[in-house]
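Colleague: with the sequence up front, the predicted model follows.
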Amino acid sequence: MAVEKAYFEIQKPSKRAGQRVPCMFNPESISVSKSNSWGTDTASGHGIEPAKFQHAEAASMDLEVWFDTTDTGKSVTEYTGKIMGLLDIDEEASGSDGTTNNAAPPVVKFHWGTNFASFPAVVEEASLEFTYFSAEGVPLRAKVSLELTQYKADKAFGPQNPTSGTPYPHRTHRVMPGETLDRVSARYYGDSTRWRALASANGIEDPLTVRPGSLIVIPEITSL
């Protein structure tokens with residue numbers, strides 16, 4: 001079976017929508033975080049008031065991608081330049097006009113095969129590190145560390161076949177010591193037997209041996 005290569009896909013409103021920026025090697029890990037903002041009303045002479053939901057924060061995703069051209073001897077910048085270019089102003093975006101400051105870098109989605117796609121995002125930060133050079137000083141191996149910030153609301157992070165009944169992850173949970181998937185399922189779904197949805201979304205084979213401290217996604221199940 002051929003290995004699926006990850007890539008970034010340019011999104012609308014760019015005229016380059018659908019264009020792919022490939023990754024030479026797939027990332028070893030991907031970190032996704034999401035949070036909400038809560039606040040409390042304060043008044044003199046009162047104790048702690050119940051927290052009130054204020055708003056959702058944009059989610060973020062961190063990953064590292066590697067590039068290696070030691071087999072050809074060509075500069076690895078041919079590939080890393082396209083990744084770093086995702087921070088450049090997209091002059092081909094619809095309505096882009098640098099003279100009126102109506103311009104921004106492109107919106108992208110990170111894809112890996114047919115079952116993994118991120119929310120629409122912008123590249124907040126990219127750090128490029130060259131790790132190997134030829135005797136002539138040509139960079140042949142590099143690592144790019146990326147920080148992406150969610151651009152707009154989207155539930156398409158994770159498996160993407162709504163007709164199959166596959167859930168869409170949109171929350172995360174930090175596993176506590178002693179927790180098992182059936183307990184997490186009971187907390188979020190009110191039904192401990194829904195643990196299979198958690199196992200499937202997170203690639204967990206044994207629901208009784210979830211590592212404490214690990215971050216798992218909580219899929220949305222439409223037919224609770």
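Modeller: Alright, I've got the coordinates. Since this is a predicted model, take the numbers as computed values, not measurements.

Colleague: mind telling me what element the spatially most central residue of the chain is part of?
Modeller: In the chain, the C-alpha nearest the mean C-alpha coordinate belongs to M61, at 3.7 Å (C-alpha atoms, centre = their mean). Secondary structure from DSSP states H and E places M61 in strand 60-68.

Colleague: give me the buried positions along the helix or strand that that strand is followed by.
Modeller: For strand 60-68, the following helix or strand on the C-terminal side (DSSP H and E) is helix 77-84. For helix 77-84, the neighbour count (16 or more other C-beta atoms under 10 Å) marks 77, 79-80, 83-84 as buried. C-beta: built from backbone N, CA, C; applies to glycine.

Colleague: which helices and strands does the helix or strand following helix 77-84 pack with?
Modeller: Sequence order places strand 108-112 as the next helix or strand after helix 77-84, per DSSP H and E. Contacts defined by 3 or more C-beta pairs under 8 Å, 6 or more residues apart in numbering; DSSP states H and E place strand 108-112 against strand 6-10, strand 116-117, strand 121-133.

Colleague: averaged pLDDT, the last one. What do you get?
Modeller: Same thing as strand 121-133. Strand 121-133 shows a mean pLDDT of 96.

Colleague: what angle do strand 108-112 and that strand make with each other?
Modeller: 60 degrees (axes from the mean of the first three to the mean of the last three C-alpha atoms, to 10 degrees).

Colleague: looking at it, the residue nearest to the centre of the chain is touching S118, isn't it?
Modeller: Yes: checked against C-beta atoms under 8 Å, the pair M61 and S118 is within contact range at 5.7 Å.

Colleague: identify the contacts common to those two.
Modeller: Contact criterion C-beta atoms under 8 Å, 6 or more residues apart in numbering; residues shared by M61 and S118: 110, 148.

Colleague: measure T80 to L86 for me?
Modeller: As judged by C-beta to C-beta, to the nearest Å, T80 and L86 stand 11 Å apart.

Colleague: can you check E179 too?
Modeller: Taken as C-beta to C-beta, the spacing of E179 relative to L86 amounts to 37 Å.

Colleague: repeat for T72
Modeller: Distance, T72 to L86, by C-beta to C-beta: 24 Å.

Colleague: higher neighbour count, those two?
Modeller: L86 (21 against 10; other C-beta atoms under 10 Å).

Colleague: excluding its backbone neighbours, what's nearest that one?
Modeller: Nearest non-adjacent residue to L86, counting by C-beta to C-beta, 6 or more residues apart in numbering: V123, 4.5 Å away.

Colleague: show me the contacts for that neighbour.
Modeller: 86-87, 105, 108, 146-148.

Colleague: go on, A186?
Modeller: A186 neighbours (C-beta under 8 Å, 6+ apart): S192.

Colleague: what mean pLDDT does the helix or strand where it lies get?
Modeller: In the assignment (DSSP H and E), A186 maps to helix 181-189. Per-region confidence: helix 181-189 scores 86 on mean pLDDT.
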